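**Student:** Fold the stuff below for me.
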Amino acid sequence: MTVDFNHLYSERARNLIASDIREILKIMREPDLISFAGGMPNPDTFPISVIGEIAQDVLNDSITESLQYGVTEGHMPLREALADRMRMRGVECEPENILVTSGAQQAVDLTSQLLLDPQACVLTESPTFVAALIGLRGYRVKIHSVSLDEEGIIVDILEEKLKGLHLAGIHPRMLYVIPNFQNPKGVTMSEPRRKKIVDLANEFDFIVLEDDPYYNLRFEGDHIPPIKAFDDSGRVIYASSFSKILSPGMRIGWIVSHRDIIRKITLLKQTSDVSTNVLSQCIAAEYLSKGHLDKQLPKIRELYHRKQKVMLSSLEEYFPSEARWTRPQGGMFLWVELPENIDTQQLQSKALERKVAFIHGSLFFPDGSGRNTMRLSYSHPTDDQIREGIQRLGEVIKEEMRAR
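**Tutor:** Residues are numbered from 1 along each chain as shown. Take a look at the predicted model:
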C-alpha cells in the first residue's frame, strides 16, 4: 500500500525541491561518464596520510574530548587558529567572533534562519549558487537578483534596486554574495565594489552574507580582502569552509561575525546538531597548527590551475566560435554562454547520451533565465577526461546549432 504523506509535511518541507545537480551526481557513478557537473574537490588533493597520522595522535592524546559532545561554538583551538587566519585575510576578529559549522552550507542555512521570515526580501547575484537558491526558496522569501559582470555584482544596479524597493516600502533583510571565483560564473568582485556593498548595507540597513569557500584557490593575481575586512558596523556575516582545501567529508566550515550575531546563531545551531563533528574539528585544528595546510595549498592550486588550462585550451579547440566563456583567476568553475537559440537544458540530456555531464545555467538564475548558459567544473576529471569530455560536448553543441 502506498501512502501519501504530503499533507503531513510542513510548508517549508513542501517548498523544497530536489536539485538537478544532485540527480546528475547520482548518474556520475557510471564508470564511463565524464562529469563537469559537480564542484567536487579532486581526491588527489586530500592529504590522506597526514590526516591518518593526526587522527591517530588525536585519539591517543585526547580520546575523551574528541569523542565526546562539544561546545556549540566549536573546538577552541580550532577557533583560535581560524581567528589567526582571518586576521591574515585582513579581518580583525577573536575566537568569540567565530562559530564552527557543519560545512559552509550550514552557515548559509543558519543565517537564513536568523534573518528570514516568510515573504522577506533577499538580494542575490544573478546567477548564483543553486543550493543557496533552493534553501532560500524553502523559507518562502522574495528573491530579487542583480546581474554580474567581470568585476562581480554590479553595485550601481544594486543601489538602484535598493532605492526602488525602499520607495515601494520593501526593506531587504540580506544580500547573499560569493565574492571570490563566484559559483557559477567564476568572476571575482573588485575591491571598490566590496567597499561599496558595506556602504549600501549601512545606508539601507541590511545584512551581507559573504560566502567565501574558494578564497584559498587563487592561482593568478593578488588576494583581495574579504568584504568583512571593510565592515565597520558588524553588518557582514562571513562564511567559509575546509571542504575545498582539506576534505568535504570532514564537514568543517565557519562563520565570522559580530558577537551578538554569533550568540544568536549559536542558539539556532544548538537546536540543529548540538555541535559540529568534534573529532573532525580536533583533526582540523592540529592540521592547521602544524602548518600542513600552508604546505598543501600550493599543490592544490597548481593542480587546479593545470586542469583549468587544459579545459580552456580544449574549449578553444572543440567549441564553436560563437561560444563565450569566462577565464577565472582561481576556483573550480568556468561559465559558458552559447548562442541564444540554444537551450542548454535540452542539450544536457543529449550530452548525457554521449556520456558527458554539465549543469545547465538556468538553475542558477532566480528567475529561470540564462537558458543558453552552462557551468563546467574542471576540478575532478583527469586531464585526459577533460579533453575527451569537452570534445564530446563540443560535438553535441555543433550538432544542435546545425539543427537550428
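
**Student:** Every contact and neighbour count from this point should use C-alpha atoms.
**Tutor:** Will do.

**Student:** outside of the longest strand seen in the chain, which residues touch it?
**Tutor:** Among the segments of the chain that qualify as a strand by DSSP state E, the longest is strand 142-149. Applying C-alpha atoms under 8 Å, 6 or more residues apart in numbering, the contact partners of strand 142-149 are 119-127, 153-154, 157-158, 187, 366.

**Student:** So which of those is the closest to residue 297?
**Tutor:** Closest approach between the contacts of strand 142-149 and residue 297, by C-alpha to C-alpha: residue 187, at 20.7 Å.

**Student:** how about the closest one, what does it touch?
**Tutor:** Residue 187 touches 149-152, 179-181, 326, 328-329, counting by C-alpha under 8 Å, 6+ apart.

**Student:** Which other helices and strands does the helix ranked longest in the chain contact?
**Tutor:** Counting by DSSP state H, the longest helix found in the chain is helix 292-318. Applying 3 or more C-alpha pairs under 8 Å, 6 or more residues apart in numbering; DSSP states H and E, we find helix 292-318 packed against helix 383-403.

**Student:** mind listing what's buried in the helix it packs on?
**Tutor:** When burial is assessed from 16 or more other C-alpha atoms under 10 Å, helix 383-403 yields the following buried residues: 383, 385-397, 400.

**Student:** Check stretch 257-269 too.
**Tutor:** Quick answer for stretch 257-269 (16+ other C-alpha under 10 Å): 257-259, 261-263, 265-266, 268-269.

**Student:** repeat for stretch 35-45
**Tutor:** 35-42, 45.

**Student:** wait, doesn't residue 139 sit right on residue 117?
**Tutor:** Yes: between residue 139 and residue 117 there is a contact under C-alpha atoms under 8 Å: 7.0 Å.

**Student:** Of these two, which one has the most company?
**Tutor:** When residue 139 and residue 117 are compared for neighbours, residue 139 comes out ahead with 21 against 13, by other C-alpha atoms under 10 Å.

**Student:** what's near enough to touch the more buried one?
**Tutor:** Residue 139 neighbours (C-alpha under 8 Å, 6+ apart): 12, 112, 116-118.

**Student:** Just the buried ones among those, please.
**Tutor:** With burial judged by 16+ other C-alpha under 10 Å, the buried subset of the contacts of residue 139 is 112, 116.

**Student:** still on that earlier bit, restricted to helices, list the contacts of residue 187.
**Tutor:** Within the contacts of residue 187, no residue falls in helices by DSSP H.

**Student:** are any of those residues buried, and which?
**Tutor:** 152, 179-181, 328-329.

**Student:** Among these, which are located in strands?
**Tutor:** Using DSSP E, residue 152 are the members of the buried ones among the contacts of residue 187 that sit in strands.

**Student:** could I get the buried ones among the contacts of residue 187 as a markdown table with distance to residue 205 and pLDDT?
**Tutor:** Compiled in a markdown table, the buried ones among the contacts of residue 187 are given as follows (distance: C-alpha to C-alpha, whole Å; pLDDT from 0 to 100):
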| residue | distance to residue 205 | pLDDT |
| --- | --- | --- |
| 152 | 21 | 98 |
| 179 | 20 | 98 |
| 180 | 24 | 98 |
| 181 | 27 | 98 |
| 328 | 32 | 98 |
| 329 | 32 | 98 |
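
**Student:** any idea which of the buried ones among the contacts of residue 187 is the one closest to residue 312?
**Tutor:** Taking C-alpha to C-alpha as the measure, residue 312 lies nearest residue 328 of the buried ones among the contacts of residue 187, at 10.3 Å.

**Student:** Apart from its chain neighbours, what residue comes closest to the closest one?
**Tutor:** residue 186 (5.2 Å; C-alpha to C-alpha, 6 or more residues apart in numbering).

**Student:** mind listing what the one you found touches?
**Tutor:** Neighbouring residues of residue 186 by C-alpha under 8 Å, 6+ apart: 180, 326-335.

**Student:** The same query, at a cut-off of 7 Å, please.
**Tutor:** 326, 328, 331, 333-335 (C-alpha atoms under 7 Å, 6 or more residues apart in numbering).
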